[in-house]
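Undergrad: Structural data only, the sequence is not supplied:
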């Protein structure tokens with residue numbers, strides 16, 4: 001199995017009760033390298049009988065049957081911890097054959113697995129290497145500069161020598177240095193923050209009063225530093241700002257030896273004094289998925305709308321994601337209210353979640369493969385590690401790549417990902433329990449579903 005996982009890895013090369021998964025510190029994923037297994041994961045796989053050599057390719061592995069998958073998952077799908085309503089979809093990743101469809105077309109609450117849709121949409125409308133620009137331009141009066149946001153959630157206020165929360169992020173200090181050079185020593189008394197790249201409300205329908213600001217979300221503005229965090233450390237308990245745009249303006253003002261900060265607009269055709277670029281789209285997608293970062297998800301959702309020549313609002317972003325995925329045969333519907341899954345009003349079919357992963361596996365869509373690279377690996381990294389999904393004794397440990405989703409207060413628990421079965425066949429799955437009572441029992445039941453697929457030939 002370990003050899004099979006390595007084959008798959010090489011092939012792809014490449015948020016607080018309302019929602020459990022939150023921002024965490026970012027652990028970069030090296031794209032084309034396979035993620036190395038820690039010693040305990042490797043040991044667990046060895047005890048489970050991992051074959052070191054001679055593993056067949058995915059195409060050569062025996063094909064599971066829908067009857068076999070249904071029989072294997074029947075008891076696990078009926079687990080009391082999942083509650084009275086479970087939507088489930090399983091595909092043979094190599095052929096696209098539907099192996100299980102249990103209410104897959106029904107509309108359910110996706111929680112953070114909705115980020116899979118955002119990932120596919122942004123990778124469809126942008127190249128993986130694309131970046132978003134933040135610039136500073138001359139203001140309408142001497143001593144005034146305008147910080148013009150470009151929708152980059154990763155621009156960092158981290159001091160020189162301190163790592164940025166997102167690998168590859170630009171620093172406000174570098175932008176300030178350019179501004180100083182462009183002004184040739186003229187002092188700055190006023191920093192104006194221009195957020196016109198985005199429009200509409202800064203929080204989505206269905207967000208609770210405690211969601212923004214919180215440790216896992218902030219209001220969504222076109223200008224921010226460190227994902228709206230008050231400090232550039234990306235720690236799980238870091239409270240995000242209620243005014244991330246003004247916080248960004250203050251970071252620039254501080255780097256320019258202090259200035260008044262306010263909101264406003266840049267003059268037309270103003271002189272550019274400096275500009276910096278975001279981390280590339282591929283890196284933003286990976287951090288969004290692996291660490292379930294809600295702010296990055298919302299910013300990327302609005303970037304999809306902008307790429308489709310629509311205003312950068314919550315509503316336009318959600319509509320643009322749905323429209324972008326339609327040509328891929330992924331039916332999202334009109335139930336998305338945001339891109340992070342944080343909204344209690346989000347509704348979409350579980351089948352859409354599995355379909356995104358199926359397309360990401362398809363060699364005909366290499367642009368979507370970063371989705372697989374961004375999935376957390378059971379026992380290895382991201383939310384599957386930090387939220388303690390799967391034990392080292394689980395058949396899924398080190399084998400399942402998945403996106404988690406939890407809104408415990410609403411009884412929503414979801415898991416969508418890809419797993420290699422006992423015969424070496426890659427399977428795509430999405431499991432949504434949206435009427436579960438207890439978080440621990442629901443999560444254990446979802447663990448069991450994925451582990452059952454990992455241990456089953458299901459023929």
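TA: Nice, I can see it. Predicted model, so just to flag it, every value in this text is computed and none were measured.
Undergrad: Spit out the contact partners of the residue nearest to residue 350 when sequence neighbours are not counted.
TA: Among residues not flanking residue 350 along the chain, residue 87 sits closest, at 3.8 Å (CB to CB, 6 or more residues apart in numbering). In short, each C-beta sits where N, CA and C put it, glycine included. Contact partners of residue 87, counting by CB atoms under 8 Å, 6 or more residues apart in numbering, are 102, 103, 104, 106, 108, 349, 350, 430, 431, 432, 434.
Undergrad: how does it look with 7 Å?
TA: Contacts here follow CB atoms under 7 Å, 6 or more residues apart in numbering; on that basis residue 87 touches 102, 103, 104, 106, 108, 350, 432.
Undergrad: Neighbours of the fourth one, how many?
TA: To tie it back to what came earlier, the one meant is residue 106. Counted with other CB atoms under 10 Å, residues neighbouring residue 106 total 14.
Undergrad: which residues of the protein fall in strands?
TA: 86-92, 98-102, 107-108, 133-138, 144-148, 190-194, 260-263, 272-277, 348-349, 376-377, 401-407, 412-420, 426-433 (DSSP state E).
Undergrad: Counting by contacts, list what the third one packs against.
TA: The helices and strands touching strand 107-108, judged by 3 or more CB pairs under 7 Å, 6 or more residues apart in numbering; DSSP states H and E, number zero.
Undergrad: re the thing from before, which pLDDT value goes with the residue nearest to residue 350?
TA: According to the model's per-residue confidence, residue 87 sits at a pLDDT of 97.
Undergrad: how near is it to residue 218?
TA: Using CB to CB, to the nearest Å, residue 87 is found at 31 Å from residue 218.
Undergrad: so where's the stretch 201-350 of the chain uncertain?
TA: Counting by pLDDT under 70, the stretch 201-350 of the chain contains low-confidence ranges at 233-237.
Undergrad: How far away from the center of its chain is stretch 133-140?
TA: The chain centre lies 29 Å from the centre of stretch 133-140; the measure is CA atoms, centre = their mean, to the nearest Å.
Undergrad: Buried residues, stretch 187-198. List them.
TA: For stretch 187-198, the neighbour count (16 or more other CB atoms under 10 Å) marks 188, 189, 190, 191, 192, 193, 194, 195, 197, 198 as buried.
Undergrad: State the pair within those residues that is farthest apart.
TA: 189 and 198 (26.9 Å; CB to CB).
Undergrad: Residue 97 and residue 177: what is the separation?
TA: As defined by CB to CB, residue 97 lies at a distance of 56 Å from residue 177.
Undergrad: which residues in the stretch 101-250 of the chain form helices?
TA: 115-125, 172-183, 244-255 (DSSP state H, counting those that start in this stretch).
Undergrad: Which strands or helices does the longest helix seen in the chain pack on?
TA: Longest helix of the chain, by residue count under DSSP state H: helix 439-454. The elements that helix 439-454 packs onto, with contact taken as 3+ CB pairs under 7 Å, 6+ apart, are helix 66-77, strand 412-420, strand 426-433.
Undergrad: Of the contacts of residue 87 - the most surrounded one?
TA: Highest count within those by other CB under 10 Å belongs to residue 432, 31 neighbours.
Undergrad: gap between it and residue 349?
TA: For residue 432, the distance to residue 349 equals 9 Å [CB to CB].
Undergrad: If we go by neighbour counts, what in stretch 148-166 is buried?
TA: Under 16+ other CB under 10 Å, the buried positions of stretch 148-166 are 148-158, 164-166.
Undergrad: Which one of the residues you listed is nearest to residue 370?
TA: Checking these against residue 370 with CB to CB, the nearest one is residue 166 at 14.9 Å.
Undergrad: Do I have it right that the closest one meets residue 278?
TA: No: with contact defined as CB atoms under 7 Å, residue 166 and residue 278 do not form a contacting pair (8.5 Å).
Undergrad: shared neighbours of these two, which are they?
TA: Contact criterion CB under 7 Å, 6+ apart; residues bridging residue 166 and residue 278 by contacting each: residue 154.
Undergrad: for the closest residue to residue 299 other than its chain neighbours, what are its contacts?
TA: When the adjacent residues along the chain are set aside, residue 299 lies closest to residue 153, with 4.5 Å between them (CB to CB, 6+ apart). When contacts are counted by CB under 7 Å, 6+ apart, residue 153 touches 224, 227, 295, 296, 299.
Undergrad: Surely residue 270 and residue 140 touch.
TA: No: when contacts are counted by CB under 7 Å, residue 270 is not listed as touching residue 140 (8.0 Å).
Undergrad: Which one's more surrounded, those two?
TA: The neighbour count for residue 270 versus residue 140, taken as other CB under 10 Å, is higher for residue 270 (18 against 13).
Undergrad: quick one: contacts for that one?
TA: For residue 270, the residues meeting the contact criterion (CB under 7 Å, 6+ apart) are 137, 138, 146.
Undergrad: That one and residue 262, how far apart?
TA: 16 Å.
Undergrad: Got phi/psi on residue 110?
TA: Dihedral pair for residue 110: phi -90, psi -20, per degrees, to the nearest 10.
Undergrad: for residue 320, what are its contacts?
TA: By CB under 7 Å, 6+ apart, the contact list for residue 320 reads 304, 305, 308, 310.
Undergrad: change it to 10 Å
TA: Taking CB atoms under 10 Å, 6 or more residues apart in numbering as the definition of contact, the neighbours of residue 320 are 121-122, 125, 301-313, 336, 339.
Undergrad: Repeat that for residue 188.
TA: By CB under 10 Å, 6+ apart, residue 188 lies in contact with 136, 139, 142-145, 176, 179-180, 252-253, 255-260, 273.
Undergrad: Show the buried residues in these.
TA: For the contacts of residue 188, a neighbour count by 16+ other CB under 10 Å gives the buried set as 136, 139, 144-145, 176, 179-180, 252-253, 255-256, 259, 273.
Undergrad: Quick one: these as CSV, columns for distance to residue 364 too.
TA: Formatted as CSV, the buried ones among the contacts of residue 188 follow (distance: CB to CB, whole Å):
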residue, distance to residue 364
136, 42
139, 49
144, 51
145, 47
176, 45
179, 46
180, 49
252, 44
253, 49
255, 46
256, 49
259, 52
273, 45
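Undergrad: According to the record, where do the domains of the protein fall?
TA: When the chain is parsed into structural domains using automatic domain parsing, the resulting residue ranges are 2-127+284-454, 133-279.
Undergrad: tell me the most buried of those domains?
TA: For the domains of the chain, ranked by mean neighbour count under the definition mean count of other CB atoms under 10 Å, the leader is domain 2-127+284-454 at a mean of 22.
Undergrad: just to revisit the earlier point, in JSON lines: the contacts of residue 270, plus pLDDT and distance to residue 330.
TA: Formatted as JSON lines, the entries for the contacts of residue 270 read as follows, by pLDDT from 0 to 100; distance: CB to CB, whole Å:
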{"residue": "137", "pLDDT": "98", "distance to residue 330": "39"}
{"residue": "138", "pLDDT": "96", "distance to residue 330": "45"}
{"residue": "146", "pLDDT": "98", "distance to residue 330": "39"}
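Undergrad: Out of those residues, which is nearest to residue 406?
TA: Among those, and counting by CB to CB, the member closest to residue 406 is residue 146, at 40.5 Å.
Undergrad: List the residues that contact that closest one.
TA: For residue 146, the contacting residues are 135-140, 190-194, 249, 264-267, 270, 273, taking CB under 10 Å, 6+ apart as the criterion.
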